[in-house]
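Novice: Okay, predicted coordinates and the sequence, questions at the end:
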Amino acid sequence: MAISRVTFGEWTPDQPGITNGLQRAENVFPKAVGYGAINAAEDYSAAASENLNNVVAARTSATGATAVFAGGPTKLFRLDATDLSLDNVSKASRTITTVARTTNLTTITTSVAHGYSSGDSVTVAAVTNTSVNGTFTIDTVTSTTFTYANAGTNITSGADTGTVTFQYVTPTNQRWRFTQFGNLLIAANGGNRLQGFNVNSSSNFSDLAADAPQARYVTVVRDFVLSGYITDSTVRANRVQWSALGDESSWTTSATTQADSQDIPDGGAVVGLTGGEFGLVFMDRSIHRMSYVGSPLVFQFDNISRNQGCYEANSIIQYGGTSFFLSDNGFYACDGQQIIPIGNEKVNRYFFSDVDEGLLPLMSAAIDPARKLVIWAYASVSSATVDKLLIFNYEIGKWSSGTTTASRVATSSTPSFTLEGLDVFGNLETIETSFDSRIWLGGKMQFAGVKDAKIVTFSGANNTAYIETGDIEVPGATSAITMVKPIVDNGSANVALVSRRLLNQQVEFGSQTAANSENRVSIRGVGRYHRLQLTPTGLWKTAIGMDIDLNGLGTR
């Protein structure tokens, strides 16, 4: 009997199995030694009134408490920590006081300043003059009036009642993107003027400023709010625009305030922004670094990646000073100085063969800071919706994969709870999530996401995991495997085996066999090349490897 130890090395699906790299590492995350368990997504919030496309957390300066927000196609929501409902905190509805129509142009007067802008979409529900009702795009505004095109006979200005309900217009394949600037949570969706919400005092979002741009992307660089891909009346896909120094309420170009904009002539359209001490502008075919130099230029733009840019805007995610993204030839990291390949000859070919490139706009990215992971969710060619995860441990440079039921992944936080407040999750006996989980610690960053109309957290039971070795052989000889002993911390495993005489034979695993009470799996296979598939069981923490009884049988 010859016992050999097989430790689980790096998952490298781009390499052939004979190189000994793992061929499958599904629903696990990479550790320095072995792999840990990935938890399933489970509902966290109640359902919103529409499906969600992103979730974010903001922290108040007044108390240090955390508030959680989410966005959908037409609304913005805030999580109510008392009952986990999602309250609509979009621009406020207004009460109608006067209605008039002249030459197919209707004018509505509201009881207080409405806060709406030209181009906004509103639903009018007047009680008396019902012919003006419907959903319309606003043409012009004053503080308490707005107009819109509305065919019909003239209506003399007169008193009326009813409501005006605001709704956002998020373009197809776009979603809400958020950044925090002081006490303000700022949101961009590419279809409306930048929105702001003071997390200390606001009840509803409102236009960030009267002259704030309509943009797809937003971040903070030093003391400036930076937006990109400007979608005002004239779309400027290659433009970035920033606010006044330290003042998000001022956007008019001024040498004094340093508010300004820049059209970037090479690289195509802006597809994303990341911020900090410097800014990174991701474009279709280039990446530019923005460095603050003061007036009159304000920012210096340096092209740090010519002819290579970002392939999908929703792949961009930042943690610390490093941004991660998908280019047209694989995954990269950028520290502002250089572009570093992280998926080359490891997962790039696997990803492009597995992803449905027609559904790339459904991609999303998140950081799991506790486990030092970047996680991308995407739709595979075998599914018409998001179903797969690609996971990268940025500390050790190793990859794994997963499956998911979430629509989008995101980095968020949860509000803190008192013992009494846990009642919203059920009684203490029925709560499945461990009380050691970050889910109970308000303000701690965590891996989260959305599923249809609900916020989800990845705090459920362990997903069923599969770890598949490369080809194991006794060089130059036929061999037999007769026993496997899983090495799984705090658990055991089920094991399947496939043995082949030639590398051109199909890899087809048989049924898995459970380990017995002595943690041994009796299994037999004869061939030149053996692969083992392991599924950890129990409340396992780390799958490290396995001991196998492997014996050479000669060279015939």
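Specialist: Sure thing, it's come through.
Novice: can we go C-alpha only for contacts and neighbour counts from here?
Specialist: Fine.
Novice: hey, where'd the helices end up in the protein?
Specialist: Under the criterion DSSP state H, the chain carries helices at the ranges 348-354.
Novice: Per the annotation, how does it divide into domains?
Specialist: 3-36+464-554, 54-88+172-358, 94-167 (automatic domain parsing).
Novice: Residue 393: which of those domains is closest?
Specialist: When the domains of the chain are compared by CA to CA, domain 3-36+464-554 sits nearest residue 393, at 6.3 Å.
Novice: returning to that earlier point: go through the domains of the chain and name the closest to residue 45.
Specialist: The minimum distance between residue 45 and these falls on domain 54-88+172-358, with 4.9 Å, by CA to CA.
Novice: What is the distance between that closest one and the centre of its chain?
Specialist: From the chain centre to the centre of domain 54-88+172-358 is a distance of 13 Å (CA atoms, centre = their mean, to the nearest Å).
Novice: what do you get for stretch 469-486?
Specialist: Its chain's C-alpha centre and that of stretch 469-486 lie 41 Å apart, by CA atoms, centre = their mean.
Novice: What is the end-to-end distance of that stretch?
Specialist: Using CA to CA, to the nearest Å, the end-to-end distance of stretch 469-486 comes to 13 Å.
Novice: buried set for it?
Specialist: For stretch 469-486, the neighbour count (16 or more other CA atoms under 10 Å) marks 469-474, 477-486 as buried.
Novice: Show the model's pLDDT score for residue 422.
Specialist: Note on residue 422: pLDDT of 41.
Novice: my bad, should have said residue 28
Specialist: Value for residue 28, per-residue pLDDT: 98.
Novice: Correct me if wrong: it contacts residue 465.
Specialist: Yes - between residue 28 and residue 465 there is a contact under CA atoms under 8 Å: 6.2 Å.
Novice: and these two? which has more neighbours close in?
Specialist: Each of residue 28 and residue 465 had its neighbours counted (other CA atoms under 10 Å), and the higher figure belongs to residue 28 (27 against 22).
Novice: How about the contacts made by that one?
Specialist: By CA atoms under 8 Å, 6 or more residues apart in numbering, residue 28 lies in contact with 35, 36, 37, 38, 400, 401, 402, 465, 466.
Novice: and residue 241, bridged to which residues?
Specialist: residue 227, residue 261 (DSSP bridges).
Novice: excluding its backbone neighbours, what's nearest residue 289?
Specialist: residue 280 (4.7 Å; CA to CA, 6 or more residues apart in numbering).
Novice: Who does the one you found form a beta bridge with?
Specialist: residue 274, residue 289.
Novice: now residue 551
Specialist: Going by DSSP bridges, residue 551 forms beta bridges with residue 480.
Novice: and the residue nearest to residue 512 when sequence neighbours are not counted, how many neighbours?
Specialist: Of all residues not flanking residue 512 in the chain, residue 496 sits nearest, at 4.3 Å (CA to CA, 6+ apart). The number of residues packed near residue 496 is 21, by other CA under 10 Å.
Novice: repeat for residue 17
Specialist: Residues near residue 17, counting by other CA under 10 Å, number 19.
Novice: could you measure it against residue 219, distance?
Specialist: In terms of CA to CA, residue 17 sits 43 Å off from residue 219.
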